Structure formats: C-alpha cells, structure tokens
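# Return atomic coordinates for the entry below.
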Amino acid sequence: MKHLEACCTCATLLSAVPRLSSSEKPLPEDRRLACCGRTICSDCIQKNTRFLSYCPYCQTSGRYPLISRRRDRHRELETEKDEQSDPAAVLSPVPYSTLPTFARTNTKAPDTSPPPPYSSSPLAPPAPPISQQQQQQQQPQSPDEQSSQQKDVIIHYLRHTHPVDTLPSLSLRYGIPIPILRQHNNLPQGADHLLAARCTLRIPKAHCAHPNPASLSPLPPESPDEIARKITIRRWMVACKEADYDMALVYLNEAGYDLDEAVGRYMEDEAWEREHSLDQHKRKHGDGGRKKGPVKRGWGWGLS
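As a prediction, the model looks like this:
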C-alpha cells in the first residue's frame, strides 16, 4: 500500500509528504527507481535534483520516468483490495521476477590450457643479438688499455673550499663542454651537487682547447699523512661508538695514533667506569653525611 511505502532517502511515508510547495513552482512527482524498485519522494528530489537521474543504493545514473499519480492510483486501489482479502500478502517479499535481469557481457569461454612449463620452451623467442660495442664494453680491459685510458685523461684534485672548483668554471678553464665532463665522470644531468662528495675529476685531453693540457690542481689539497690521520680518527670513532671528536684526539694522541691500542684503552676505561660507578658507591656507603637544609642567601635572614 502506498500509505505504508516510505521514501528510500529520508524514510518519510509517501502519504505524509506535502504535495504543495511554499513557492509558486509545483513539487516534482515521486520517482520510482527502475533498478531496485525503491521510491524517492518529491521533497528529496526538490532539495537534490541529482535524484532525478541517480540511484543512491545501486550507484547508477540514468534518466527514468517519474511516477504518474493518476496512472498509479488505479493500481493502488486494486492492490489495497487484494491485501484486504489476503493479509499475508502485506508481509510477503518482492518476487524475484519483478527485479530487473542483467545479461552477462563476457561470453568468452574460459581458458583451459595447462600453464607453461618451468623449463625454457624451445618456441620462446631468441634473445636479441648483442652489438659489437656492447661486447667490447662487457669484456674486461687489459692493463695496457687501462694505462692508455689513464694517459688520455688529466686528474684534477678538487678543492671544495675554492670557489672555482665547479663544473661551469672548470669547463671554462679547460675549454671543455659541461656535458662531456659529466659523461667522463659519470655525473647525471641535473646532479652537479654530487661533485661535493668527490675528491678528483677526470679531464679528457682530447676535448681540451689547449694542445698540451696540464692539470690545474695536480696535487691533493691534503698530504697523505693528513688523510691517513683522518681515516684513523673515523675508524676509532666507529669502533668505539663514540661521537666526541675531541675524545678521539685525546686517545689517539696518547697511543701515538695506534688504532688497536687506542681502542683498547677506551674499552678499559669504560669497563672501569661501569665497575666503579657513583650510583653503586652511594648504595653501599650512603650519602656520606646528613642532608643539609636549603642555603639562605641575601641580607636580613635571621633578624627579628
């Protein structure tokens, strides 16, 4: 019965929905959804016009005709008579025959062929042939070829504190385009900041503007002894898990930069501190005296 049918969005009985609006425009008619058979009242359609072409339950859209009250009035009277004669029909569910049917669009038969074997199939396409240039790149280079390549390049030691040790400035000083410098030093385009992590730069002689080019920075900025000293300091800090640089200098200076001796002294000191910690001393011997009260400072204390 229509007086028992409710709106699927606001749960208001359709018989209680007002049929006249406050404005001069008439309310739209109730809409029955063709996909699921539910009904949307005219009040919800007026508030949200999207319900004219959208089902909030089936998530589908499309133009559906609105319910014609005059056309459905005769059907309602007939159903009321049938329900009065058969009260059990009120509680009976909607038959499946009234619901829309959907045809399967995928009519392709399933593939029942067995899966391919794990071993390589003889019908598999052959691998593409390797070019001669790729074969030359994959083959290991002989010592003579490596020495000849080293003679064709110049080693430029970078000084990162120096303002001219950048790719644009080195390109102008050696007369070499920047893309060639990136290619010979394996630097991707747009990653010039990676140069700060390098100590040397390879300069190809064949692309230099001068006939007999020479390195503008042939020696490293630091001596080999200084480089070995810094490496020893880093190894001590990693071995002892100590981040204090000054402490590393103290232990290495006392051990004459002998890494094993400096690490052993640090471990011995750490073990002695764990065995003779101040907390254990307090637990055994107490605080060593009575607790003193707060110290009074300033003028006028104790005067009456």
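
# And residue 160, how far from residue 171?
17 Å (CB to CB, to the nearest Å). Placement of C-beta: from N, CA and C, glycine included.

# Give me the spatial nearest neighbour of residue 219, chain neighbours excluded.
Nearest non-adjacent residue to residue 219, counting by CB to CB, 6 or more residues apart in numbering: residue 157, 6.3 Å away.

# Neighbours of the one you found, how many?
Residue 157: 16 surrounding residues under other CB atoms under 10 Å.

# What's the separation between it and residue 227?
12 Å.

# try residue 196
Distance of residue 196 to residue 227, given as CB to CB: 17 Å.

# Please enumerate the strands of this structure.
31-32, 39-40, 54-55, 60-61, 153-157, 200-204 (DSSP state E).

# So for residue 196 and residue 227, which sits in the more crowded spot?
Counting neighbours by other CB under 10 Å for residue 196 and for residue 227 shows that residue 227 has the greater number, 13 against 10.

# thought the more buried one was touching residue 234?
No. Counting by CB atoms under 8 Å, residue 227 does not reach residue 234; the two are 10.9 Å apart.

# Could you point out which residue ranges in the stretch 1-150 of the chain have low pLDDT?
For the stretch 1-150 of the chain, applying pLDDT under 70 flags the ranges 1-3, 20-24, 62-107, 119-150.

# please redo it, this time with the cut-off set to 80
1-4, 17-28, 59-111, 116-150 (pLDDT under 80).

# in the stretch 151-300 of the chain, which spans are helices?
Using DSSP state H, counting those that start in this stretch, the helices of the stretch 151-300 of the chain run over 167-174, 178-184, 224-240, 245-254, 259-275, 278-285.

# Could you export the ones you listed as a markdown table, including distance to residue 117?
As requested, the helices of the stretch 151-300 of the chain are exported to a markdown table (distance: least, CB to CB, whole Å):
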| stretch | distance to residue 117 |
| --- | --- |
| helix 167-174 | 54 |
| helix 178-184 | 45 |
| helix 224-240 | 51 |
| helix 245-254 | 61 |
| helix 259-275 | 57 |
| helix 278-285 | 70 |
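
# CSV for the ones you listed, including mean pLDDT?
Shown next, in CSV, are the helices of the stretch 151-300 of the chain (pLDDT from 0 to 100):
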stretch, mean pLDDT
helix 167-174, 88
helix 178-184, 90
helix 224-240, 93
helix 245-254, 95
helix 259-275, 94
helix 278-285, 65
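
# out of these, nearest to residue 61?
Relative to residue 61, the nearest member of those by CB to CB is helix 178-184, separated by 55.0 Å.

# Report all helices and strands that that closest one contacts.
Applying 3 or more CB pairs under 8 Å, 6 or more residues apart in numbering; DSSP states H and E, one finds that helix 178-184 makes contact with helix 167-174, strand 200-204.
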